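Peer 1: Build me a model:
(2 chains)
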2 protein chains.
Amino acid sequence: MGRVFIPHSHRLLLPSPSPLHRSSNASTIPRRSRFSPPAHRQIRSELSLSCGSHLIPHPAKVDKGGEDAFFVTNHNGGVLAVADGVSGWAEQSIDPALFPQELMANASGLVVDEEVSYDPQALMRKAHAATSSVGSATVIIAMLEKDGTLKVATVGDCGLRLIRRGQVVFATSPQEHYFDCPYQLSSEKIGQTYQDAMVCTVELMEGDIVVMGSDGLFDNVFDHEIISSVSGSPEVAEADTSQFSK
Amino acid sequence: MGRVFIPHSHRLLLPSPSPLHRSSNASTIPRRSRFSPPAHRQIRSELSLSCGSHLIPHPAKVDKGGEDAFFVTNHNGGVLAVADGVSGWAEQSIDPALFPQELMANASGLVVDEEVSYDPQALMRKAHAATSSVGSATVIIAMLEKDGTLKVATVGDCGLRLIRRGQVVFATSPQEHYFDCPYQLSSEKIGQTYQDAMVCTVELMEGDIVVMGSDGLFDNVFDHEIISSVSGSPEVAEADTSQFSK
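Peer 2: Numbers count the residues shown, from 1 in each chain, chains lettered A, B, ... in the order given. I've put the predicted structure just below:
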């Protein structure tokens, strides 16, 4: 793959986007008052998630519904979670779907736990500790506070994209030990725990679109295709904030 | 560019990374106790930044030192900021370096302002309001709380990469109106304000490497090259957390 060199010559933002034909008189551009921004950060009214979900199993795993699991709940501001079973367990005659399914079932029940309150890393810890199935999974959990703060904890290569005004303004990055061996919560000591999670928050705005999914989505669909898909969906356009799990 | 298809068949994490020759007996893998994670999230001791910086002007702008500006301070847990002047102003006989330089000078002085306390978006608001130069700039500001929470506010295409154990585990995404016209804080009403900033936090761990810079870095150097550069630097290896501005 060649490298695209972007010349370091940014365009000036003008009232009308006509950089090739703009006036050279700077005074034609309305000046911003030095103190025009409000003196205090805007107070956001309560935000909540409007959610949708979709699961397309790998073609070779259609008969058993795939190895992903997820849940969505409107508890507090809303909770979204996706877990992706590590396929390698099938070589040891263990169904890779069992661990993520039990993990998500446990997490779903634990969102009301008072120790979890708005903390996705704590939810990950408690759900993992409660899971007895043999196996492992990559996991991402996002919890929305009503002030618009989305808290995220992720282990492995499940991902999240935040789409605002038609562009991805925030994205998680995958964690892996080496190619195709992601960080994973596991029934085995060799695996990762909540302590290995990448933990972050992002401030949402009304109209933001949150797309969460396993690597099966993000490895096979470019971000610009995800943007086109969700922007073209009337259901998403009607929602303030929406979630897709694929 | 072709698309790389990653087959949805993750590798199992084993004690020794030898996926082609591993035993098929699951019992050889030590089981993790169901309750092995500590009952409470680990308490991190105070974290602080060890910083370095570097500026390489665009070849055509060497004589005046380029159009980027930045500052680093150890106030509280540490503050890092980078601003990149929008080159288009030169076509209007305005030096694109003046706005980012004044913006960073103002921000540097305002980190001690009590209203700013650990809030990079508030610092952006106050520094912007205090800047009287004509021009515009993309900006990123990161402030570290001593508990290890790095708070980030960014407008435009300056960026941040968090490198942990040799991989990028967190990265910001650029915001732009259209190709090569980034979101920008401006002296003009048409520009963006702190209210347009993407605001996020990420929990740091000891040994993390934070790389911040203008698009001049991230458009021209692949992440794996940045990782190689900082990993091969004894100065960075000695630092707990380090920052590079290019």
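Peer 1: Residue A:126 - how many residues pack around it?
Peer 2: Residues near residue A:126, counting by other CB atoms under 10 Å in any protein chain shown, number 22. C-beta here means a position set from N, CA and C on the backbone, and glycine is covered the same way.
Peer 1: For residue A:111, see how far away it is.
Peer 2: 10 Å (CB to CB, to the nearest Å).
Peer 1: Relative to residue A:104, how far out is residue A:218?
Peer 2: Residue A:218 is 19 Å from residue A:104, by CB to CB.
Peer 1: check contacts around the residue most central in space within chain A.
Peer 2: Residue closest to the average C-alpha location in chain A (CA atoms, centre = their mean): residue A:160, at 1.9 Å. Shown in contact with residue A:160 (CB atoms under 8 Å, 6 or more residues apart in numbering or on different chains): A:140, A:142, A:152, A:154, A:170, A:171, A:172, A:210, A:211, A:212.
Peer 1: how about the helix or strand harbouring the fifth one against chain B, any contact?
Peer 2: When you say that, I think you mean residue A:170. Here residue A:170 sits within strand A:167-172, counting by DSSP states H and E. Yes: against chain B, strand A:167-172 shows contacts by CB under 8 Å from any CB of the partner chain at A:167, A:168, A:169, A:170, A:171, A:172.
Peer 1: Note down every partner strand of the top strand by length along chain A and its orientation.
Peer 2: Identified as the longest strand of chain A according to DSSP state E is strand A:136-144. If you go by DSSP bridges, strand A:136-144 pairs up with strand A:79-85 (antiparallel), strand A:149-155 (antiparallel), strand A:185-186 (antiparallel).
Peer 1: Just the helices from chain A, written as ranges.
Peer 2: For chain A, helices defined by DSSP state H occupy the ranges A:98-110, A:120-129, A:215-218, A:223-231, A:234-238.
Peer 1: returning to what we had before: could you tell me which strands sit next to the strand holding residue A:170 in the sheet, and their orientation?
Peer 2: Under the rule (DSSP bridges), strand A:167-172 has strand A:159-164 (antiparallel), strand B:167-172 (antiparallel) as partners.
Peer 1: Which among those strands is found nearest to residue B:182?
Peer 2: Ranking those by proximity to residue B:182 (CB to CB) places strand B:167-172 first, at 12.4 Å.
Peer 1: Give me the residues contacting the closest one.
Peer 2: Under CB under 8 Å, 6+ apart, the answer for strand B:167-172 is A:170-173, A:175-176, A:198, A:200, B:140, B:152, B:154, B:159-163, B:198, B:200, B:202, B:223, B:226-227.
Peer 1: ok, of the residues you listed, which come out buried?
Peer 2: Listed as buried from those are A:170-173, A:175-176, A:198, A:200, B:140, B:152, B:154, B:159-163, B:198, B:200, B:202, B:226-227; burial here means 16 or more other CB atoms under 10 Å in any protein chain shown.
Peer 1: any weak-confidence spans in chain A?
Peer 2: The model of chain A has pLDDT under 70 over residues A:1-9, A:14-45, A:234-246.
Peer 1: mind running it again at 80?
Peer 2: Along chain A, the model assigns pLDDT under 80 to residues A:1-46, A:52, A:64, A:232-246.
Peer 1: Would you quantify the distance from residue A:194 to residue B:198?
Peer 2: For residue A:194, the distance to residue B:198 - CB to CB - is 26 Å.
Peer 1: Next: residue A:207.
Peer 2: Taking CB to CB as the measure, residue A:207 falls 14 Å from residue B:198.
Peer 1: again, but for residue A:136
Peer 2: Taking CB to CB, one finds residue A:136 at 33 Å from residue B:198.
Peer 1: and if you look at residue A:98?
Peer 2: Distance from residue A:98 to residue B:198, by CB to CB: 38 Å.
Peer 1: Which residue comes closest to residue A:144 once chain neighbours are left out?
Peer 2: Nearest-residue entry for residue A:144: residue A:77, 3.4 Å, with adjacent residues in sequence omitted and distances by CB to CB, 6 or more residues apart in numbering or on different chains.
Peer 1: Phi and psi next, for the one you found.
Peer 2: phi -80, psi -10 (degrees, to the nearest 10).
Peer 1: Any idea how many residues pack against it?
Peer 2: By other CB under 10 Å, neighbour count at residue A:77 equals 21.
Peer 1: Give me the neighbour count for residue A:75.
Peer 2: Residues near residue A:75, counting by other CB under 10 Å, number 14.
Peer 1: So residue A:132 sits against residue A:99, correct?
Peer 2: No: applying CB atoms under 8 Å as the test, residue A:132 and residue A:99 come out as separate, 9.4 Å apart.
Peer 1: Now do the shared contacts for these two.
Peer 2: residue A:187.
Peer 1: And those two? Which one has more around it.
Peer 2: Neighbour totals were compared for residue A:132 and residue A:99, and residue A:99 leads with 28 against 11 (other CB under 10 Å).
Peer 1: what's around the nearest residue to that one once chain neighbours are set aside, how many residues?
Peer 2: In space, and not counting its chain neighbours, residue A:99 is closest to residue A:135: 2.9 Å by CB to CB, 6+ apart. Close neighbours of residue A:135, defined as other CB under 10 Å, add up to 30.
Peer 1: List phi and psi for residue A:135.
Peer 2: Main-chain dihedrals, residue A:135, degrees, to the nearest 10: phi 150, psi -170.
Peer 1: Stretch A:62-81: which residues count as buried?
Peer 2: Buried-residue list, stretch A:62-81, by 16+ other CB under 10 Å: A:66-73, A:76-81.
Peer 1: Tell me how far it lies from the chain's centre.
Peer 2: 13 Å (CA atoms, centre = their mean, to the nearest Å).
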